[in-house]
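[1] test case, fold it:
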Amino acid sequence: MNFGTFIKNNRIIKEKSQKEMAKFLGVRRQSVSRWENNLAFPSLEHLYDLSEFLEISMEDVLINLRYSLMEKKG
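    From the prediction side, this is the model:
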(Lines give C-alpha, C1' and ligand atoms only; values in the text may rest on other atoms or scores of the structure.)
Protein backbone atom coordinates (compact mmCIF):
# COMPACT_ATOMS: atom_id res chain seq x y z
CA MET A 1 0.00 0.00 0.00
CA ASN A 2 1.38 3.40 -0.90
CA PHE A 3 1.63 6.20 1.63
CA GLY A 4 -1.24 8.23 0.19
CA THR A 5 -3.60 5.26 0.43
CA PHE A 6 -2.38 4.62 3.97
CA ILE A 7 -3.23 8.21 4.97
CA LYS A 8 -6.59 8.19 3.20
CA ASN A 9 -7.68 4.81 4.60
CA ASN A 10 -6.80 5.82 8.15
CA ARG A 11 -8.57 9.17 7.75
CA ILE A 12 -11.72 7.43 6.47
CA ILE A 13 -11.61 4.91 9.34
CA LYS A 14 -11.60 7.89 11.74
CA GLU A 15 -14.55 9.38 9.81
CA LYS A 16 -12.67 12.63 9.24
CA SER A 17 -12.69 14.83 6.15
CA GLN A 18 -9.70 16.21 4.29
CA LYS A 19 -10.83 19.64 5.48
CA GLU A 20 -10.75 18.54 9.15
CA MET A 21 -7.31 16.99 8.70
CA ALA A 22 -5.99 20.09 6.96
CA LYS A 23 -7.28 22.36 9.73
CA PHE A 24 -5.65 20.19 12.42
CA LEU A 25 -2.34 20.15 10.54
CA GLY A 26 -2.43 23.83 9.60
CA VAL A 27 -2.25 23.15 5.86
CA ARG A 28 -4.60 23.65 2.93
CA ARG A 29 -7.04 20.90 1.98
CA GLN A 30 -5.25 20.69 -1.37
CA SER A 31 -2.07 19.64 0.45
CA VAL A 32 -3.89 16.73 2.07
CA SER A 33 -5.31 15.78 -1.33
CA ARG A 34 -1.82 15.83 -2.87
CA TRP A 35 -0.51 13.58 -0.08
CA GLU A 36 -3.39 11.13 -0.49
CA ASN A 37 -2.80 11.01 -4.26
CA ASN A 38 0.97 10.52 -3.85
CA LEU A 39 1.78 13.78 -5.58
CA ALA A 40 3.67 15.07 -2.53
CA PHE A 41 4.80 13.94 0.91
CA PRO A 42 4.23 15.73 4.23
CA SER A 43 7.12 17.36 6.07
CA LEU A 44 8.55 15.66 9.16
CA GLU A 45 6.61 18.08 11.38
CA HIS A 46 3.41 17.21 9.56
CA LEU A 47 4.16 13.48 9.85
CA TYR A 48 4.18 13.80 13.63
CA ASP A 49 0.93 15.78 13.64
CA LEU A 50 -0.56 13.29 11.20
CA SER A 51 0.15 10.42 13.59
CA GLU A 52 -1.62 12.35 16.35
CA PHE A 53 -4.62 13.22 14.17
CA LEU A 54 -5.03 9.65 12.91
CA GLU A 55 -4.21 8.19 16.35
CA ILE A 56 -1.57 5.86 14.96
CA SER A 57 2.02 5.44 16.05
CA MET A 58 4.77 7.49 14.49
CA GLU A 59 6.52 4.18 13.83
CA ASP A 60 3.64 3.02 11.61
CA VAL A 61 3.66 6.34 9.76
CA LEU A 62 7.42 6.16 9.13
CA ILE A 63 7.34 2.49 8.09
CA ASN A 64 4.64 3.22 5.52
CA LEU A 65 6.45 6.33 4.29
CA ARG A 66 9.72 4.42 3.92
CA TYR A 67 7.99 1.64 2.00
CA SER A 68 6.40 4.17 -0.37
CA LEU A 69 9.69 5.98 -0.96
CA MET A 70 11.46 2.70 -1.72
CA GLU A 71 8.63 1.67 -4.05
CA LYS A 72 8.76 5.03 -5.84
CA LYS A 73 12.55 4.84 -6.15
CA GLY A 74 12.13 1.64 -7.91
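
[2] which stretches of the protein have low pLDDT?
    Applying pLDDT under 70 to the chain flags the ranges 74.

[3] show me where it has its helices.
    Using DSSP state H, the helices of the chain run over residues 3-13, 18-25, 29-36, 44-54, 58-73.

[4] in terms of secondary structure, what does the third one contact?
    Counting contacts by 3 or more Cβ pairs under 8 Å, 6 or more residues apart in numbering; DSSP states H and E, helix 29-36 is packed against helix 3-13, helix 18-25. C-betas here are computed from N, CA, C, even on glycine.

[5] ok, back up a step: with mean neighbour count as added columns, please give the helices of the chain in TSV.
    Output for those, formatted as TSV (neighbours: other Cβ atoms under 10 Å):
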stretch	mean neighbour count
helix 3-13	18
helix 18-25	17
helix 29-36	18
helix 44-54	16
helix 58-73	13
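
[6] list the contacts of the residue nearest to residue 32 when sequence neighbours are not counted.
    Excluding its sequence neighbours, the residue lying closest to residue 32 (Cβ to Cβ, 6 or more residues apart in numbering) is residue 18, at 4.4 Å. Applying Cβ atoms under 8 Å, 6 or more residues apart in numbering to residue 18 gives the contacts 11, 29, 32, 33, 36.

[7] if you set the cut-off to 10 Å instead, what comes out?
    By Cβ atoms under 10 Å, 6 or more residues apart in numbering, residue 18 lies in contact with 7, 8, 11, 28, 29, 30, 31, 32, 33, 35, 36.

[8] repeat for residue 39
    4, 30, 31, 33.

[9] most widely separated two among these?
    4 and 30 (13.7 Å; Cβ to Cβ).

[10] any shared contact partners between these two?
    In contact with both residue 4 and residue 30: 39, 40, using Cβ under 10 Å, 6+ apart.

[11] rewinding a little: and the helices and strands packed on helix 29-36: which comes nearest residue 62?
    Using Cβ to Cβ, those put helix 3-13 closest to residue 62, at 10.2 Å.
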